[in-house]
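Colleague: only the shape, not the letters, is given here:
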């Protein structure tokens, strides 16, 4: 074992305004980074797995522990001089961060990993005691001074800094840290959150979050959950956000810029609404975003009680972000959304955010349900019925091009052929057709009971495709005993090619 001399953490640098408890956690002795293969003192214990073996992202996430809470304290400088838009690669934004990760050991741990892409790590402590650490690609390998016993709760504090990265996904889309015209936007599906904070970045490990962000006074910082505090000192403003309900890290977001902020208080059963809109998109967004309470009220009829304590939206310029994303409490939109897109992303708060996939192979449980929610909204508001949407897809008339119509049948919704395909049409449209086939098989009353029951049974948890099919089969035996769901699974969910319609 390599012996490493202790050093005192330098806290004289400019640092963000932080709660006293977090500051006390940071004032600890730490050890310099080492690369020995041994763990801490104490008998027993093994290293937690470096990756959870996800079918498409095998190195994503880490084994041996379960995170219960993240406390992120970030001091962010947005490069004021760099070119914007197309020249985003020239940006030199900077983060000084401290992440306090509270977790429960699921085995005796001599060491464990956190996912962190880029950035420089200055120190790591575990339960206030300095820990050895090293970097290996996206892995931050932590070796605590003592073995962490199975069942124990431990707190890891990481101090880090650097220029956060933009990450290119297998399908070519951009995530991670995205420079915008007047700030930055952090998006995390499927792996981008590791670009701005260390953690267990797999959807199967959900946690509560406190995100405290300090930015130049001219800017605002918007994140998930509820705004718990805002204060300005020495030309910088600190925003403190809290998400008490469990959240997968890919759903965490941070939007920094100049926004038109609108707050709608809770009314009746509707949660409070907080929207942050780029001024250039404010006029075009207002009417649709004012409909958020109506969409929530409508959705609760079919999906059950709204699963979070607040809702809202973040709207950026369409030149700054390529896609919408269902970030928890507050989905992100590329320019002013239409009502269909708003319905889609708000439906994800039930299906995807509250009921979160166990792996990225289960993505259809997010997108199929949200797409079908669009069909239901149209059906209830004078548009096409769900059956008409289904028929148009089957006949190839749903999209403007014949090629797009063919892509629906490219692969089974439950088995995308690779990571680059988890957001392709079968995961959205053909997955919605699966739900409609269930509806046809069991009847409307049983189907809508299933939608609500599924969201309730797995509320704030994780679920796989096998979990859903088992739930649907059990539900059908009780509510529609003559229904046969086997053809739905074999032909529509897992079958290759275009099934017979009947």
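Modeller: Thanks, I have it. Every value quoted in this text rests on a predicted model; they were computed, and no experiment measured them.

Colleague: same question for stretch 457-468, mean pLDDT?
Modeller: The average pLDDT within stretch 457-468 is 98.

Colleague: what is the end-to-end distance of that stretch?
Modeller: 10 Å (CA to CA, to the nearest Å).

Colleague: run through who's touching it.
Modeller: Here stretch 457-468 makes contact (CB atoms under 8 Å, 6 or more residues apart in numbering) with 203-204, 206, 245-246, 307, 354-359, 361-362, 364-365, 414, 454, 471, 493. The way it works is simple: take the backbone N, C-alpha and C, and place the C-beta from them, glycine included.

Colleague: so where is the stretch 151-300 of the chain shaky, pLDDT-wise?
Modeller: Low-confidence segments of the stretch 151-300 of the chain (pLDDT under 70): none present.

Colleague: 80 instead?
Modeller: Scanning the stretch 151-300 of the chain for pLDDT under 80 picks out 265-269.

Colleague: tell me where it has helices.
Modeller: 279-289, 292-303 (DSSP state H, counting those that start in this stretch).

Colleague: got these as a markdown table, with distance to residue 390 columns?
Modeller: Output for those, formatted as a markdown table (distance: least, CB to CB, whole Å):
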| stretch | distance to residue 390 |
| --- | --- |
| helix 279-289 | 26 |
| helix 292-303 | 17 |
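
Colleague: and residue 45, how far from residue 135?
Modeller: In this view, residue 45 and residue 135 are 21 Å apart by CB to CB, to the nearest Å.

Colleague: nope, residue 128 is what I meant
Modeller: The span separating residue 128 from residue 135 equals 22 Å under the rule CB to CB.

Colleague: which among the contacts of stretch 457-468 end up buried?
Modeller: The neighbour-count test (16 or more other CB atoms under 10 Å) applied to the contacts of stretch 457-468 identifies 203-204, 206, 245-246, 307, 354-359, 361-362, 364-365, 414, 454, 471, 493 as buried.

Colleague: mind checking which of those are in helices?
Modeller: Secondary structure from DSSP state H places 364, 365, 454, 471 of the buried ones among the contacts of stretch 457-468 in helices.

Colleague: tell me the two of these that are most distant?
Modeller: Maximum pairwise distance in those, criterion CB to CB, is 14.8 Å, between 364 and 471.

Colleague: contacting residues around the most centrally placed residue in the chain?
Modeller: The residue lying closest to the centre of the chain (CA atoms, centre = their mean) is residue 251, at 1.7 Å. Going by CB under 8 Å, 6+ apart, residue 251 touches 188, 189, 224, 326, 327, 328, 352, 353, 356.

Colleague: now residue 160
Modeller: Residue 160 neighbours (CB under 8 Å, 6+ apart): 95, 97, 98, 99, 116, 119, 120, 121, 122, 198.

Colleague: kindly state the beta-bridge partners for it.
Modeller: Judged by DSSP bridges, the bridge partners of residue 160 are residue 97, residue 121.

Colleague: the residue lying closest to residue 377 once chain neighbours are set aside in helix, strand or coil?
Modeller: Sequence neighbours aside, residue 343 is the residue nearest to residue 377 in space, at 4.6 Å (criterion: CB to CB, 6 or more residues apart in numbering). Under the three-state scheme (DSSP: H, G, I helix; E, B strand; the rest coil), residue 343 adopts helix.

Colleague: what's the burial count for residue 343?
Modeller: Here the number of neighbours of residue 343 (other CB atoms under 10 Å) works out to 24.

Colleague: now it: how far from residue 413?
Modeller: Distance from residue 343 to residue 413, by CB to CB: 20 Å.

Colleague: now do residue 241
Modeller: Separation of residue 241 from residue 413 (CB to CB): 34 Å.

Colleague: I am finished for the moment; much appreciated.
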